[in-house]
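# Just to be clear, the model below is a prediction. Sequence and coordinates:
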Amino acid sequence: MKKSWSAAAAAGLAASLLVAVAPASATAPGDAASTDGASAASCAADPQYFAYYRTWRDANASWPGSENDPENPANNTQRMDDLPAGVDVAFVFNAYVSDDSGFWDVLKNEYVPNLHAQGTRVVRTVDIGVILDAPAADTPAAYAAAADEILAEYVTDDGLDGLDVDMERSLTAAQVARVTGVFRALSEHLGPQSGTDRLFIYDTNQEGTHPLTAGIAPYVSYALVQSYGRSVSGLQSTWESYAPYFDACQYLIGFSFYEERGQDWGDTTEPFDASRAAQYADWQPTGATKAGIFSYAVDRDGKVPGDDTITESDFSWSTRLIERQDAAAASH
């Protein structure tokens, strides 16, 4: 059975702004990044473009709700495998879609093979609550059992390429210990310590000073920071809070497309060259090169703020951003 993410949790990823930027770390970028998890094997040679795709706007989505619900997928025509070939990782970001929806069979039997054929890996996103609620006790055996259940339900049953954990809250010391224990158990199957090519991704709106960061960093392939609406001037200090734990080539920053009836972060305002999304593509940490950028609500690519209609995307922004990153890398 699929555990559908609640509407509130789904809205949280798009509606969360980064907390106030912490003072710059005393560690120079990259100096301490060679922790156990900061493996060069996790790093790609080319700039990466990751994209969060909202399941409830897929043509095969369904859920047992009212037909008058604004999230009703009856008029959806977009397919997940319409994503352009330059998307390196596509996230299955689920809300509303019921466990018995036909979407899941189409995902496994059509979308995943089609996306793999064009070089796009497919990863499932879960809320941190899934990690916190899974263990029956705080023991290595319980963590291992929880990891096996999570892996089967969210990765292997659908033939996916990894797991992405969205973390947007404060945690107690006991919760940090529990999450770290489950991450450690999952790392035997996912991420840089697993000996596999399966991805283990951590995405958050928190600074690297969050107490969880140091504990889970050795197990993570990539760290993604939701930077929606943020000034480019603040990006360096946030990176410096992550630099003790991750190589720059494991680090991505993200922007958001305009969601229907949602927050206008101003990330994708024309002209394209002056947009925040383009500036994020251009930005690099001092003395280093980041892994790339990611987008939230990629199915809304091309929508202008205030346009709440549901139509297919031409992915024009994503295509230009991919080309922009690739051109910059080729010129160096």
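That came in fine, so what should we check first? Numbering: from 1, shown residues only.
# what residue ranges in this protein score low on pLDDT?
1-42 (pLDDT under 70).
# tell me the centre residue of this structure?
The centre of the chain sits closest to residue 203, judged by C-alpha atoms, centre = their mean, with a distance of 5.4 Å.
# Specify the beta-bridge partners of it.
Residue 203 has these beta-bridge partners by DSSP bridges: residue 166, residue 224.
# how far away is it from residue 166?
5 Å (C-beta to C-beta, to the nearest Å). C-beta coordinates here come from the backbone N, C-alpha and C atoms, glycine included.
# Overlap in contacts, these two.
residue 125 (C-beta atoms under 8 Å, 6 or more residues apart in numbering).
# The residue nearest to the centre of the chain against residue 226, yeah?
Yes. Counting by C-beta atoms under 8 Å, residue 226 is a contact partner of residue 203 at 6.7 Å.
# Give me the common contacts of the two.
residue 254.
# Kindly confirm my reading that residue 163 is in a helix.
No. Counting by DSSP: H, G, I helix; E, B strand; the rest coil, residue 163 is not part of a helix but strand.
# and it, how many residues sit next to it?
For residue 163, the neighbour count with other C-beta atoms under 10 Å is 26.
# can you map out the strands along the stretch 101-250 of the chain?
For the stretch 101-250 of the chain, strands defined by DSSP state E, counting those that start in this stretch occupy the ranges 121-127, 162-167, 199-204, 222-226.
# thinking again about what came up before, can you tell me which residues contact the residue nearest to the centre of the chain?
Residue 203 touches 125, 164, 165, 166, 167, 223, 224, 225, 226, 254, 294, counting by C-beta under 8 Å, 6+ apart.
# ok, for residue 298, nearest residue in space, not its chain neighbours?
Sequence neighbours aside, residue 51 is the residue nearest to residue 298 in space, at 3.8 Å (criterion: C-beta to C-beta, 6 or more residues apart in numbering).
# Packing partners of the helix or strand that contains that neighbour?
Per DSSP states H and E, residue 51 falls inside strand 48-54. Applying 3 or more C-beta pairs under 8 Å, 6 or more residues apart in numbering; DSSP states H and E, we find strand 48-54 packed against strand 89-93, strand 222-226, strand 251-256, strand 292-296, helix 316-330.
# Columns mean neighbour count and distance to residue 146 on top of those, output as a markdown table?
Formatted as a markdown table, these follow (neighbours: other C-beta atoms under 10 Å; distance: least, C-beta to C-beta, whole Å):
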| stretch | mean neighbour count | distance to residue 146 |
| --- | --- | --- |
| strand 89-93 | 26 | 20 |
| strand 222-226 | 26 | 22 |
| strand 251-256 | 25 | 27 |
| strand 292-296 | 27 | 27 |
| helix 316-330 | 17 | 35 |
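# Let's have the ones you listed in a markdown table, adding distance to residue 118.
Putting the helices and strands packed on strand 48-54 into a markdown table (distance: least, C-beta to C-beta, whole Å) gives the following:
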| stretch | distance to residue 118 |
| --- | --- |
| strand 89-93 | 10 |
| strand 222-226 | 20 |
| strand 251-256 | 20 |
| strand 292-296 | 17 |
| helix 316-330 | 13 |
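# Residue 286 is nearest to which of the ones you listed?
For residue 286, the closest of the helices and strands packed on strand 48-54 is strand 251-256, at 12.8 Å, according to C-beta to C-beta.
# which neighbours does the closest one have in its sheet, and in what orientation?
Strand pairing (DSSP bridges) places strand 251-256 next to strand 222-226 (parallel), strand 292-296 (parallel).
# Can you report how many residues neighbour residue 304?
Residue 304: 10 neighbours (other C-beta under 10 Å).
# same thing with residue 204?
So residue 204, with other C-beta under 10 Å, has 22 neighbours.
# Apart from its neighbours in sequence, what residue is nearest it?
Leaving aside its chain neighbours, residue 204 sits nearest to residue 167 (4.6 Å; criterion: C-beta to C-beta, 6+ apart).
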